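S.K.: Got a predicted model here, sequence first, then my questions.
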Amino acid sequence: MISFGDGYSCTWRILRIDPATWAGTEEVGGFLAASVERDCLSMLLESGTAEFDGNPSDSEMWVRIEMLAEQGGLVERHAIATMLMSPAGSSASVGGSKTEYECRSVLAPAEDRVLLAGDYAPAGCDGAAYAASLIAKCTPAPVLVEGSFTLTDHMVFAKGTTHIEAAWMLLDSAGWCAQVSGDGTITVRQMPTSPSLVLDDAAAKLLGTEVKLEGALAEIPNRYIAVDGEKSAIAVDDDPENPASLYSRGRYVDVYDDSPSRVDGESLEAYAARKLAEDSESIESREYEREWRPNVTCFDVVKGSLSSVGLDGYMRVTSQSISIGAGALVTEKAGVLRWER
């Protein structure tokens with residue numbers, strides 16, 4: 001296995017993907033460069049651009065950006081991103097033949113399709129499987145489900161709700177997420193808690209020269225008020241170790257929720273406590289550059305032990321920007337987590 005922190009050479013290619021088999025069929029000629037943007041606040045999770053010498057296609061196509069990495073005679077093939085490439089919005093340079101194409105997420109077809117009036121997820125259904133089915137009806141990408149949760153109440157979708165909006169409504173109600181891997185596989189799952197990447201002394205050579213530390217204390221609530229009809233429940237964070245808590249601040253910062261969506265068997269009190277914990281999970285963030293490593297994407301957990309630069313403890317990846325060139329450079333932002341594992 002290639003050690004990406006020890007230097008390697010690589011070449012790049014874009015493969016056309018057969019939507020029926022999800023396998024690469026042929027290389028798209030003239031590929032020059034690409035970039036990939038990932039953001040956990042975006043329902044589509046990722047987007048990108050690809051640049052070509054010439055005009056490879058006048059129609060949209062599924063493509064996969066692949067890196068062929070070589071180190072000490074060992075060659076590995078890694079999928080960086082699989083997306084829907086479209087000439088819409090493309091631009092050609094004056095006096096040259098370079099053309100830039102828009103690349104959309106494998107989740108994009110679920111944004112393009114709306115639900116029929118009256119569609120709803122029934123109480124008692126498997127919310128994870130239902131969310132996955134909403135996505136799978138629209139995209140040829142493989143959709144996997146890890147685990148399950150049960151809806152306590154009906155979830156009725158408003159007129160004009162897209163498939164991806166409905167899927168995220170279901171996932172958000174249980175604190176779940178969806179992730180997209182480099183080969184385009186979509187996985188519906190609980191929020192990861194085990195680290196996908198460790199940044200310790202041995203891995204420090206992966207990092208760039210600067211780590212930005214940002215605080216978001218003002219945005220963190222310490223009281224969650226859930227109201228369901230005549231019933232209400234209040235959860236309060238009074239942890240002396242948490243700078244966002246009532247104990248530390250001496251004042252309330254509230255979230256008011258009059259449309260709770262509980263999972264099976266969850267009391268209103270448990271719902272309020274869970275939502276407060278989710279909303280106050282991260283109070284600081286770190287932004288840094290590092291070399292690309294396989295299988296690290298939005299919502300994944302990074303464990304750091306480099307306290308000298310502020311990368312200490314557990315962090316959840318919130319965004320990535322991947323630049324492709326001599327290697328793959330990732331500008332990553334991660335929120336510092338309060339829990340320990």
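M.R.: Structure received. As the structure is a computational prediction, the values presented were derived from the model and not from experiment.
S.K.: Helices along the stretch 101-250 of the chain, start to end?
M.R.: Residue ranges of the helices in the stretch 101-250 of the chain, as given by DSSP state H, counting those that start in this stretch, are 108-111, 127-136, 163-174, 246-249.
S.K.: Next, work out how far apart Ser267 and Lys231 are.
M.R.: 10 Å (CB to CB, to the nearest Å). Where you see a C-beta, it was placed from the backbone N, CA and C, and this is true even at glycine.
S.K.: With adjacent residues omitted, what lies nearest to Ala334?
M.R.: Computed as CB to CB, 6 or more residues apart in numbering, the closest residue to Ala334 that is not its neighbour in sequence is Met315, at 3.6 Å.
S.K.: OK, contacts around the one you found?
M.R.: Ser285, Arg286, Val301, Val302, Lys303, Gly304, Ala334, Gly335, Val336, Leu337 (CB atoms under 8 Å, 6 or more residues apart in numbering).
S.K.: By neighbour count, which of the residues you listed wins?
M.R.: Ranked by neighbour count (other CB atoms under 10 Å), the contacts of Met315 have Ala334 at the top, with 26 neighbours.
S.K.: hang on, that residue is in a helix, isn't it?
M.R.: No: assignment of Ala334 by DSSP: H, G, I helix; E, B strand; the rest coil gives strand, placing it outside any helix.
S.K.: contacting residues around the closest residue to Lys137 other than its chain neighbours?
M.R.: Leaving aside its sequence neighbours, Lys137 sits nearest to His163 (CB to CB, 6+ apart; 6.6 Å). Residues in contact with His163 (CB under 8 Å, 6+ apart) are Ala110, Glu111, Arg113, Val114, Leu115, Leu134, Ile135, Lys137, Cys138.
S.K.: Looking at those, spot the one nearest Thr193.
M.R.: Ile135 (23.1 Å; CB to CB).
S.K.: Could you tell me which residues within stretch 322-332 count as buried?
M.R.: Under the neighbour-count criterion of 16 or more other CB atoms under 10 Å, stretch 322-332 has Ile322, Ile324, Gly327, Ala328, Val330, Glu332 buried.
S.K.: closest to Gly124 among the residues you listed?
M.R.: The nearest member of the buried residues of stretch 322-332 to Gly124, counting by CB to CB, is Glu332 at 39.5 Å.
S.K.: And for the nearest residue to the closest one once chain neighbours are set aside, the neighbour number?
M.R.: Once flanking residues are discounted, Glu332 sits nearest to Gln320: 5.2 Å by CB to CB, 6+ apart. Other residues within reach of Gln320, judged by other CB under 10 Å, total 22.
S.K.: Can I get the host helix or strand of Gln320 in PDB? Just the C-alpha atoms.
M.R.: In the assignment (DSSP states H and E), Gln320 maps to strand 311-324. Extracted in PDB, the C-alpha atoms of strand 311-324 (Å, rounded to 0.1, in the frame of the first residue of the first chain):
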ATOM      1  CA  LEU A 311      -4.900  19.900  15.900                       C
ATOM      2  CA  ASP A 312      -5.700  18.000  19.200                       C
ATOM      3  CA  GLY A 313      -8.600  15.700  19.900                       C
ATOM      4  CA  TYR A 314     -11.400  14.700  17.600                       C
ATOM      5  CA  MET A 315     -12.700  16.800  14.700                       C
ATOM      6  CA  ARG A 316     -15.500  16.300  12.200                       C
ATOM      7  CA  VAL A 317     -14.800  17.200   8.500                       C
ATOM      8  CA  THR A 318     -17.200  19.900   7.400                       C
ATOM      9  CA  SER A 319     -15.700  20.900   4.000                       C
ATOM     10  CA  GLN A 320     -12.900  19.900   1.600                       C
ATOM     11  CA  SER A 321     -11.400  21.500  -1.500                       C
ATOM     12  CA  ILE A 322      -9.300  19.200  -3.600                       C
ATOM     13  CA  SER A 323      -6.800  20.500  -6.100                       C
ATOM     14  CA  ILE A 324      -5.400  18.200  -8.700                       C
END
